[in-house]
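Student: task: produce atomic coordinates for the following.
(2 chains)
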Amino acid sequence: MALVLEGLCKRFGNSEKDTLHKIDLKVETGEFVCIVGTSGCGKSTLLNLVAGLEQPTQGRVLLDGEEVSKPGADRTVMFQEHGLFPWLSVIDNVKFGMRLAGLPKEEQEKKARHYLEMVRLWDYRDYPIHQISGGMRQRTALARSLTMESKVLLMDEPFSALDKQTSNRLREELQRIWMETKQTILFITHSVEEAVYLADRIVVFAPDSGKVAEIVTVGLPRPRHVYAPEFVDLRHRILEEVRGEAI
Amino acid sequence: MGFLLFLALLVFAWQGLYWLGVELLQWWKPYALPSPLGVAKSFLDLCQDGRLFEAAGNSLLRGIAGYALALAIGMALGIIIHQSKYLQKNLKPMVLGVQTLPSVCWVPFSILWFGLTDQAILFVVVMGSAFSVAISVDNAIQNVQPIYTKAALTLGADKRQLYFYVILPACLPELVAGMKQGWSFAWRALMAGEVMTTSVGLGQTLIMGRDLADINQVMLVMVVIVLAGVIIDKCFFLAIERRILRKRGLL
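Tutor: Numbers count the residues shown, from 1 in each chain, chains lettered A, B, ... in the order given. Have a look, this model is predicted:
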């Protein structure tokens, strides 16, 4: 069991009710779990708690049995706004985490190449960040996250700020990369389609309650196709739940 | 090219005014209006016995020394203020307040402490510049986008790495802008200090011009002070700033 959330509660400052209320969740090693919900349902707060960027009011987060209290490279986050450093080139951004960890230069080079080729950006390695497109920036950020080979990779709506085509393209690539690496991923999204496309299991948040409505296991074989009838059915069923109403 | 022409016209008009007002119609006394030719002659005189170079060199060295000290003190103070919410709330407004004090107001205090010495001038320069540097350091760190810090922390950065690999480069453009402003404060404070004391320098040469009722020398030194300030600003700070911004695609 890679990641365990136990009775996780979060209440902000002077708020009357919990943003997150008694969340229990277990994520297996190598599993791809999506958390889906409307905006304001608390899904990003959940990710911040797992990342250690915020502290829970109650409950705890366990990673390989150890309680999490602060941010660390074993739970790298890929953000909606790429969070790349504009003073570094593409490859230096990708190497950044490895440099912090003090990896030998050759190993940094080798891994950076491996993951940059995986996201098809090796040819752009020396570009400054401001000269590549939004999609390429997110791919750079993905490569940077992958180099950490974290116990669990946290992704906070990584494709939401992109246009539809780019975002679809990137989730196809993410699916391919996940099938190659079997990296454990906890992925936050508001898009049900994205969740059904990517996840082994989907944690559906009920709107405005800070609670989990349902956990759905997606049995569809990969690679998945958004127009397959089973895909469409599942998507509709979850969408109802997310909105908290029948369509 | 257009600017040089403008400058030439200006000098020409100025000489014309002098010729008309002082020599022809005798509206003004010769010591009341400098002229381009007079300034040029004063320049040659002061160059010949090397006094101008000595004065400018002394001033520059003094300015750089005082500025370096102000940078060190200001940066340390800025970082200390940034470290503590308490200091930010209580000390920062005071630093801001002291910063509004014109640097010339430090001169009497400084002379009482150090006498009419070089140290007195250095003290005025440091007081005139360090607080502005401290304020900009604190502001620059505060304006670093939180996403950079978050990204670095989740990539495993410790506190030291966060400061050196993320916060420092992230706030570099603003930091250089603050350093530039610090320099212009230092240069002004330096002149305030030099005018009041007797160590050889541009400020003292300026006062000597007044004592000799030589308005051309006064004018010349003023021009030199402006030029030195502008050259350092453009050739040094502006060059660095542009380089940093261009590298990040902000220019």
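Student: quick one: the lengthiest helix in chain A to chain centroid distance?
Tutor: Longest helix in chain A by number of residues, with DSSP state H as the criterion: helix A:164-181. The chain centroid and the centroid of helix A:164-181 are separated by 12 Å under Cα atoms, centre = their mean, to the nearest Å.
Student: ok, stretch B:1-18 next?
Tutor: 27 Å.
Student: ok, residues contacting it?
Tutor: B:33-38 (Cβ atoms under 8 Å, 6 or more residues apart in numbering or on different chains). To be clear about C-beta, it is placed using only N, CA and C from the backbone, and glycine gets the same treatment.
Student: and that stretch, what's buried?
Tutor: For stretch B:1-18, the neighbour count (16 or more other Cβ atoms under 10 Å in any protein chain shown) marks B:14, B:18 as buried.
Student: repeat for stretch B:223-243
Tutor: Within stretch B:223-243, the residues scored as buried using 16+ other Cβ under 10 Å are B:224-225, B:228-229, B:232, B:237, B:241.
Student: now the helices for the chain?
Tutor: Assuming you mean chain A. So, for chain A - with DSSP H - the helices run A:43-51, A:90-100, A:105-118, A:134-147, A:164-181, A:192-198, A:229-243.
Student: hmm, no, I was thinking of chain B.
Tutor: B:2-18, B:36-48, B:51-83, B:85-99, B:106-114, B:118-142, B:146-154, B:159-161, B:168-196, B:202-211, B:215-231, B:239-247.
Student: if the residue positioned nearest the centre of chain A is in a bridge, with which residues?
Tutor: By Cα atoms, centre = their mean, the mean C-alpha position of chain A lies nearest to residue A:155, the distance being 1.8 Å. According to DSSP bridges, the residues that bridge with residue A:155 are residue A:78, residue A:187.
Student: which ones are touching it?
Tutor: Listed by Cβ under 8 Å, 6+ apart, the contact partners of residue A:155 are A:77-78, A:145, A:185-188.
Student: what do you get for residue B:136?
Tutor: Here residue B:136 is in contact with B:78, B:174-175, B:177-179, B:181-182 (Cβ under 8 Å, 6+ apart).
Student: does anything pack onto the longest helix of chain A? Which helices or strands?
Tutor: Helices and strands touching helix A:164-181, by 3 or more Cβ pairs under 8 Å, 6 or more residues apart in numbering or on different chains; DSSP states H and E, are helix A:134-147, helix A:192-198.
Student: out of these, the one nearest residue B:163 is which?
Tutor: helix A:134-147 (20.2 Å; Cβ to Cβ).
Student: could you give the angle of that closest one to helix A:105-118?
Tutor: In terms of direction (axes from the mean of the first three to the mean of the last three Cα atoms, to 10 degrees), helix A:134-147 departs from helix A:105-118 by 140 degrees.
Student: my read is that residue A:134 contacts residue A:166, right?
Tutor: Yes - contact criterion Cβ atoms under 8 Å: residue A:134 and residue A:166 qualify, at 6.8 Å.
Student: switch the contacts of residue B:136 over to JSON lines; also include pLDDT, neighbour count and distance to chain A.
Tutor: Below are the contacts of residue B:136 laid out as JSON lines (pLDDT from 0 to 100; neighbours: other Cβ atoms under 10 Å in any protein chain shown; distance: Cβ to the nearest Cβ, whole Å):
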{"residue": "B:78", "pLDDT": "94", "neighbour count": "25", "distance to chain A": "20"}
{"residue": "B:174", "pLDDT": "92", "neighbour count": "17", "distance to chain A": "13"}
{"residue": "B:175", "pLDDT": "93", "neighbour count": "21", "distance to chain A": "12"}
{"residue": "B:177", "pLDDT": "92", "neighbour count": "16", "distance to chain A": "16"}
{"residue": "B:178", "pLDDT": "93", "neighbour count": "24", "distance to chain A": "17"}
{"residue": "B:179", "pLDDT": "94", "neighbour count": "24", "distance to chain A": "17"}
{"residue": "B:181", "pLDDT": "93", "neighbour count": "16", "distance to chain A": "22"}
{"residue": "B:182", "pLDDT": "94", "neighbour count": "26", "distance to chain A": "22"}
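Student: redo those as TSV? Include distance to residue B:15.
Tutor: Converted to TSV, those look like this (distance: Cβ to Cβ, whole Å):
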residue	distance to residue B:15
B:78	48
B:174	44
B:175	44
B:177	39
B:178	41
B:179	39
B:181	36
B:182	38
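Student: backbone dihedrals for the residue nearest to residue B:153 when sequence neighbours are not counted, please?
Tutor: Nearest non-adjacent residue to residue B:153, counting by Cβ to Cβ, 6 or more residues apart in numbering or on different chains: residue A:71, 3.9 Å away. When read as degrees, to the nearest 10, the backbone of residue A:71 gives phi -60, psi 150.
Student: the residue positioned nearest the centre of chain B: what's it in contact with?
Tutor: Nearest to the geometric centre of chain B sits residue B:184, at 2.4 Å (Cα atoms, centre = their mean). Taking Cβ under 8 Å, 6+ apart, we find residue B:184 in contact with B:229, B:233.
Student: neighbours around residue 105, how many?
Tutor: Let's take chain A. 10 (other Cβ atoms under 10 Å in any protein chain shown).
Student: looking at chain B here, not the other one
Tutor: The burial count for residue B:105: 13, using other Cβ under 10 Å.
Student: pretty sure residue B:151 contacts residue A:79?
Tutor: Yes - counting by Cβ under 8 Å, residue A:79 is a contact partner of residue B:151 at 6.6 Å.
Student: out of the two, which sits in the busier spot?
Tutor: Set residue B:151 next to residue A:79 and count neighbours by other Cβ under 10 Å: residue B:151 wins out with 28 against 22.
Student: so what pLDDT did the more buried one get?
Tutor: On the pLDDT scale, residue B:151 is placed at 95.
Student: about what we covered before: where's the residue nearest to residue B:153 relative to residue A:111, distance?
Tutor: 21 Å (Cβ to Cβ, to the nearest Å).
Student: out of those two, which sits in the busier spot?
Tutor: residue A:71 (23 against 20).
Student: about what we covered before: how close does the residue nearest to the centre of chain B sit to chain A?
Tutor: Distance, residue B:184 to chain A, by Cβ to the nearest Cβ, to the nearest Å: 26 Å.
Student: for that residue, give its distance to residue B:242.
Tutor: Taking Cβ to Cβ, one finds residue B:184 at 18 Å from residue B:242.
Student: ok, now residue B:26?
Tutor: Taking Cβ to Cβ, one finds residue B:26 at 50 Å from residue B:242.
Student: now swap in residue B:176 and tell me
Tutor: Shown here: residue B:176 relative to residue B:242, a distance of 10 Å by Cβ to Cβ.
Student: thinking again about what came up before, what's the closest of the contacts of stretch B:1-18 to chain A?
Tutor: residue B:36 (47.1 Å; Cβ to the nearest Cβ).
Student: on the pLDDT front, check the closest one for me.
Tutor: Looking at residue B:36, its pLDDT reads 92.
Student: list the residues that contact it.
Tutor: Contacts of residue B:36 (Cβ under 8 Å, 6+ apart): B:11, B:14-15, B:18.
Student: got a pLDDT number for the closest residue to residue B:60 other than its chain neighbours?
Tutor: With sequence-adjacent residues excluded and distances taken as Cβ to Cβ, 6+ apart, residue B:60 is closest to residue B:228, at 6.8 Å. Per-residue pLDDT puts residue B:228 at 91.
Student: hang on, residue B:228 packs against residue B:62?
Tutor: No - proximity of residue B:228 to residue B:62 does not meet the contact threshold set by Cβ under 8 Å, at 12.0 Å.
Student: between the buried residues of stretch B:223-243, which is nearest residue A:16?
Tutor: Using Cβ to Cβ, these come closest to residue A:16 at residue B:241, 49.1 Å.
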